[in-house]
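Peer 1: No letters, just coordinates:
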């Protein structure tokens, strides 16, 4: 199995060129396109000790592309180009409990869960390069849709410390 290299650059032309060069050298490549995230977070203090939070994040839709070299009978080479359109939504819920009424240090426990829905639409095209050198598509696959949900749960015990400025006139 060939090694896969992740290509990251903000210019799509650079990503495409590097992927082609890597493919010629016998490596598979996966292109990554940077994107923005839109998040909405809401918190509520129920009293001086308990805080709950909820959040919703929409990651910008992005695409990745990868290529795989396939050695065929008779010494011919073929390539499988795969394009993935990826969307992700995350939902977060958390609660925090602060102990004591101390102005210097606040020990607290917090916990929550983040649920992520990942949707991927993939299409693949197979190209055959005959001995003459010009490639032509031989087959394009039907789009494949996949959904997956992942959860990440976290507990934590922390101490938050505040350092305040001295009162006016003390210095």
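Peer 2: Yep, that arrived. Not measured: the values here are computed from a predicted model.

Peer 1: Pull the number of nearby residues for residue 61.
Peer 2: 13 (other CB atoms under 10 Å). C-beta: built from backbone N, CA, C; applies to glycine.

Peer 1: what about it, which SS state?
Peer 2: strand (DSSP: H, G, I helix; E, B strand; the rest coil).

Peer 1: partners of the residue nearest to it when sequence neighbours are not counted in the sheet?
Peer 2: Among residues not flanking residue 61 along the chain, residue 87 sits closest, at 5.0 Å (CB to CB, 6 or more residues apart in numbering). Assessed by DSSP bridges, residue 87 has beta-bridge partners residue 119.

Peer 1: Please report the distance of residue 87 from residue 59.
Peer 2: 7 Å (CB to CB, to the nearest Å).

Peer 1: what does residue 110 give?
Peer 2: As judged by CB to CB, residue 110 and residue 59 stand 24 Å apart.

Peer 1: how does this protein divide up, domain by domain?
Peer 2: Split into domains by automatic domain parsing, the chain comes to 1-34, 36-161.

Peer 1: Now tabulate these in a markdown table and tack on mean pLDDT.
Peer 2: Output for those, formatted as a markdown table (pLDDT from 0 to 100):
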| stretch | mean pLDDT |
| --- | --- |
| domain 1-34 | 74 |
| domain 36-161 | 83 |
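
Peer 1: helices or strands up against the helix or strand containing residue 124?
Peer 2: Assigned by DSSP states H and E, residue 124 belongs to strand 105-129. In terms of contacts (3 or more CB pairs under 8 Å, 6 or more residues apart in numbering; DSSP states H and E), strand 105-129 is packed against strand 77-98, strand 136-140, strand 144-161.

Peer 1: Mind listing what's buried along that strand?
Peer 2: 106, 108, 110, 112, 114, 116, 122, 124, 127 (16 or more other CB atoms under 10 Å).

Peer 1: Could you do stretch 93-105 as well?
Peer 2: If you call a residue buried by 16+ other CB under 10 Å, then stretch 93-105 has these buried ones: 94, 96, 98.

Peer 1: Over to stretch 48-62?
Peer 2: Result for stretch 48-62 [16+ other CB under 10 Å]: buried residues 51, 55, 57, 59, 62.
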